[in-house]
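Engineer: Sequence and predicted structure, then a few things I'm wondering about:
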Amino acid sequence: MGKLCSLKEAVSQYVHDGDLVYAAGFTHLIPFAAGHEIIRQGRKNLTLARATPDLIYEQMAAAGCARKIIFSYMGNPGVGSLRNLRSLVEKGLLEIEEYSHFAMITRLQAGASGLPFLPMNETGAFDLENVNPNFKRVTDPYSGKSVVVVPPLNPDVAIIHAQRADINGNAQIWGILGEQKEAAFAAEHVILTVEEIVPEDVIRSDPNRTIIPDLIVDAVCHVPFCSHPSYTQGYYDRDNEFYLEWDKISETSESVQQYLDEWVYGVPDRDVYWKKLGETTHSRLAVHEQMSVPVNYGQY
């Protein structure tokens, strides 16, 4: 069985109260199903790190899972504010630590590389240095100029969603690549969720697509439709209607709680969640086949 287990088992074993959790995925491959399972299991006092918190962290914060959010952009992408999350911050109920996108990825790269810090070019976000003490400046020993540095980010657990993997956790991703590799290598533990479990020879047939190797993966969970309402390239489209709908839902804590009661606490797993969405939504999010051109790797 390799590292195969249910998402419920993986969260139970690897996500603990007080952990620093990184849910990866940029625009697509956002592991919403894992966020919902963490909510169902009642985890508390988590530090949630992510380049774009998106709806997944607003839902987890509203459910009382989060103590702090480390991020580099906070919003309902393409729509507006994460209203409920903003309200929690303004009321002093949620701590935040903000970076530029480049600084967040630099932190992950430092963590993945086992380095005490990494330098970065100035990004124009000078005000962040005034409010975030993790931005520091050192003297470049070669030029003598001042250089911005940031510390490593080493999550207790990284949650990565991918299109496919074998039972040992060799995972392949295509489409937009985010920070999945850096987050996985920086983390103490890695939970991998995938749309498909495939034989090892499928993975070996296209090795350059393997972004996450099995040696850093702790758990492999077969979770089709894990990313909804975001998308998984080649499997289902982004649910833009839901992102617009969430803008209204997040206006009040009461409506957010009603959503959680029905769509998170009210369903046991992603399979039931997907069925509950219904055929009309399934049809709207279906994608047509568009195959890439085969690559000849030659004989070996």
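Structural biologist: Nice, thanks for sending it over. Keep in mind that this is a model prediction, so the values were computed, not measured.
Engineer: I'd like the next helix or strand past whatever helix or strand Ile70 lives in.
Structural biologist: If you go by DSSP states H and E, Ile70 is part of strand 66-71. Going down the chain from strand 66-71, the next helix or strand is helix 83-90, by DSSP H and E.
Engineer: For the helix or strand following that next one, which strands pair with it and how are they oriented?
Structural biologist: Using DSSP H and E, the helix or strand that follows helix 83-90 towards the C-terminus is strand 95-98. Strands that pair with strand 95-98, judged by DSSP bridges, come out as strand 66-71 (parallel).
Engineer: can you tell me the average pLDDT over the partner strand?
Structural biologist: The average pLDDT for strand 66-71 rounds to 98.
Engineer: can you check stretch 13-28 too?
Structural biologist: Rounded mean pLDDT across stretch 13-28 is 96.
Engineer: gap between the two ends of that stretch?
Structural biologist: Stretch 13-28 has an end-to-end distance of 26 Å (CA to CA, to the nearest Å).
Engineer: List the buried residues in it.
Structural biologist: Buried residues in stretch 13-28, counted by 16 or more other CB atoms under 10 Å: Tyr14, Val15, Asp19, Leu20, Val21, Tyr22, Ala23, Ala24, Gly25, Phe26, Thr27, His28. Bear in mind the C-beta positions are built from the backbone N, C-alpha and C, glycine included.
Engineer: Repeat that for stretch 32-48.
Structural biologist: Quick answer for stretch 32-48 (16+ other CB under 10 Å): 32-40, 43, 46-48.
Engineer: Please compute how far it lies from its chain's middle.
Structural biologist: Relative to its chain's centre, stretch 32-48 lies at 12 Å (CA atoms, centre = their mean, to the nearest Å).
Engineer: So Arg284 belongs to a strand, correct?
Structural biologist: No: assigned with DSSP: H, G, I helix; E, B strand; the rest coil, Arg284 falls outside any strand and is helix.
Engineer: ok, now how distant is it from Ala219?
Structural biologist: As judged by CB to CB, to the nearest Å, Arg284 and Ala219 stand 32 Å apart.
Engineer: more crowded one of the two?
Structural biologist: Ala219 (22 against 14; other CB atoms under 10 Å).
Engineer: Return the residues in contact with the residue lying closest to the more buried one once chain neighbours are set aside.
Structural biologist: Excluding its sequence neighbours, the residue lying closest to Ala219 (CB to CB, 6 or more residues apart in numbering) is Ala10, at 3.8 Å. The contact partners of Ala10, by CB atoms under 8 Å, 6 or more residues apart in numbering, come to Ile191, Asp218, Ala219, Cys221.
Engineer: Then Ala10 would be within a helix, right?
Structural biologist: Yes: the assignment for Ala10 by three-state DSSP puts it in a helix.
Engineer: Okay, and Glu289 sits in which element?
Structural biologist: Glu289 is part of no helix or strand, with elements assigned from DSSP H and E.
Engineer: hang on, the earlier thing: quick check: the farthest pair among the contacts of Ala10?
Structural biologist: Spatial extent of these (CB to CB) is set by the pair Asp218 and Cys221 at 10.6 Å.
Engineer: what bridges to the nearest residue to Tyr57 once chain neighbours are set aside?
Structural biologist: Of all residues not flanking Tyr57 in the chain, Leu48 sits nearest, at 5.1 Å (CB to CB, 6+ apart). Beta-bridge partners for Leu48, by DSSP bridges, are Val21, Ile69.
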